[in-house]
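> I would like the atomic coordinates for the input below:
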Amino acid sequence: MRIVVSGAAGFIGSHFCDRLLAEGHTVVGLDNFLSGAKRNLGHLADEPRFRLIQQDITEPFSIAGVVDVVVNMASPASPKDYLEHPIETLAVGSAGTQRMLDLALEKCARFLLTSTSECYGDPEVHPQVETYWGHVNPVGPRSCYDEGKRFAEALTMAYYRKHGVDTGIARIFNTYGPRMKLNDGRVVPAFLCEALAGTPITVFGRGSQTRSFCYVTDLVDGIYRLMLSGERYPVNLGNPHEMTILEFAEYIRRLTGSHSPIEFRPLPEDDPRQRCPDIGKARAALGWEPQVTLEEGLRLTVEYFRRETAGAMNG
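Coordinates of the predicted model:
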């Protein structure tokens with residue numbers, strides 16, 4: 001198939017392009033590099049089935065030729081990025097999503113939106129199941145991302161109902177792995193950088209809030225299966241193994257052999273207390289569940305971060 005992927009130079013987007021090419025497909029990648037990085041796709045420079053176009057999908061664009069699938073992965077995804085670029089984040093969730101949907105409509109293509117567990121906000125239902133509508137602050141600092149993605153989901157369903165576009169929605173939970181930015185601001189890169197540098201590991205609040213962590217190849221497998229499926233409504237993709245942030249900080253210290261102390265700081269506004277997916281639907285509809293253990297995935301990620309931090313110091 002010929003597949004258009006926006007946000008192709010992002011952490012998850014670049015891994016997804018790798019998977020598509022490995023499966024024999026042709027890929028047209030779009031990215032404006034607001035939060036993505038060309039270097040994530042540098043290894044594909046000589047790949048004849050891959051083309052990268054610098055494109056802000058909130059602006060008009062066209063793709064010549066046949067398109068079988070349109071995958072919209074474009075958006076700042078870390079708090080550091082979307083808090084720095086709140087208007088751009090809302091624009092890509094709204095205008096950007098509509099332009100990608102219009103492309104799918106024009107080409108009679110399958111459309112897949114990568115959404116987020118942040119649609120559930122600070123959840124009152126645990127673990128989070130797709131039928132839960134969420135508990136989101138629409139005017140809080142995180143609303144640019146939360147509401148941008150919620151709008152993108154609503155727009156996707158409107159195109160399905162009004163125009164019959166073949167749509168799918170992946171709700172992505174915490175994901176980690178190589179190609180995450182060192183200064184990403186999310187918990188995995190933050191803890192790893194602090195542990196490897198020997199500086200205090202920063203835990204917000206008392207560390208009692210929970211998260212679950214899915215390795216990127218597992219997530220990409222779920223997205224790929226969803227792309228090939230006929231599922232119309234949102235599907236949670238993430239690892240259901242839950243742990244507290246404090247437990248995770250201690251786990252990172254042991255894994256890296258770090259002597260970094262743990263430093264507690266005030267909890268950011270609207271930070272979710274619990275975040276864990278119910279993946280019953282993914283198991284039933286896609287035959288999917290994570291395969292990579294936390295230790296295995298983190299060891300691969302630590303190796304990447306050691307190389308990156310060493311390169312940053314030498315550079």
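
> ok so Val203 is a strand residue?
Yes. Counting by DSSP: H, G, I helix; E, B strand; the rest coil, Val203 is part of a strand.

> Burial check on it, number of neighbours?
23 (other C-beta atoms under 10 Å). C-beta: built from backbone N, CA, C; applies to glycine.

> got the end-to-end distance for stretch 78-93?
Its first and final residues considered, stretch 78-93 spans 14 Å by C-alpha to C-alpha, to the nearest Å.

> measure Phe264 to Gly205 for me?
7 Å (C-beta to C-beta, to the nearest Å).

> my bad, should have said Ala8
Counting by C-beta to C-beta - Ala8 and Gly205 are separated by 35 Å.

> Look at those two and report which has more neighbours.
Higher neighbour count among Ala8 and Gly205: Ala8, with 28 against 15, using other C-beta under 10 Å.

> how about the nearest residue to that one once chain neighbours are set aside, phi and psi?
Using C-beta to C-beta, 6 or more residues apart in numbering and skipping the chain neighbours, the partner closest in space to Ala8 is Gly29 (2.9 Å). Torsion angles at Gly29 (phi, psi; degrees, to the nearest 10) stand at phi -100, psi 140.

> and what of the one 10 residues further on?
Torsion angles at Arg39 (phi, psi; degrees, to the nearest 10) stand at phi -60, psi -20.

> residues touching Pro138, list them.
For Pro138, the contact set (C-beta atoms under 8 Å, 6 or more residues apart in numbering) comprises 146-147.

> circling back: and the residue nearest to Ala8, how far is that from Thr202?
Counting by C-beta to C-beta - Gly29 and Thr202 are separated by 34 Å.

> same check, this time on Tyr176
The separation that Tyr176 has from Thr202, given C-beta to C-beta, amounts to 17 Å.

> domains in the chain, as residue ranges please.
Structural domains assigned to the chain are 2-175+213-237, 177-211+241-274+282-314, following automatic domain parsing.

> least reliable of the ones you listed going by mean pLDDT?
Lowest mean pLDDT of the domains of the chain: domain 177-211+241-274+282-314, a mean of 91.

> May I have the phi/psi pair for Thr167?
Dihedral angles for Thr167 - degrees, to the nearest 10 - are phi -110, psi 160.

> picking that back up, just the domains of the chain: most buried one?
domain 2-175+213-237 (a mean of 20; mean count of other C-beta atoms under 10 Å).

> how close does Ser75 sit to Phe11?
12 Å.

> Please apply the same query to Ser117.
In terms of C-beta to C-beta, Ser117 sits 16 Å off from Phe11.

> cool, Ala285 as well?
Distance from Ala285 to Phe11, by C-beta to C-beta: 25 Å.

> Doesn't Ser115 lie inside a strand?
Yes. The assignment for Ser115 is a strand, going by three-state DSSP.

> Next up, the contacts around it.
149, 152-153, 169-172, 234.

> Going by residue numbers, what spans are helices in the stretch 1-150 of the chain?
For the stretch 1-150 of the chain, helices defined by DSSP state H, counting those that start in this stretch occupy the ranges 11-22, 79-84, 86-91, 97-107, 143-163.
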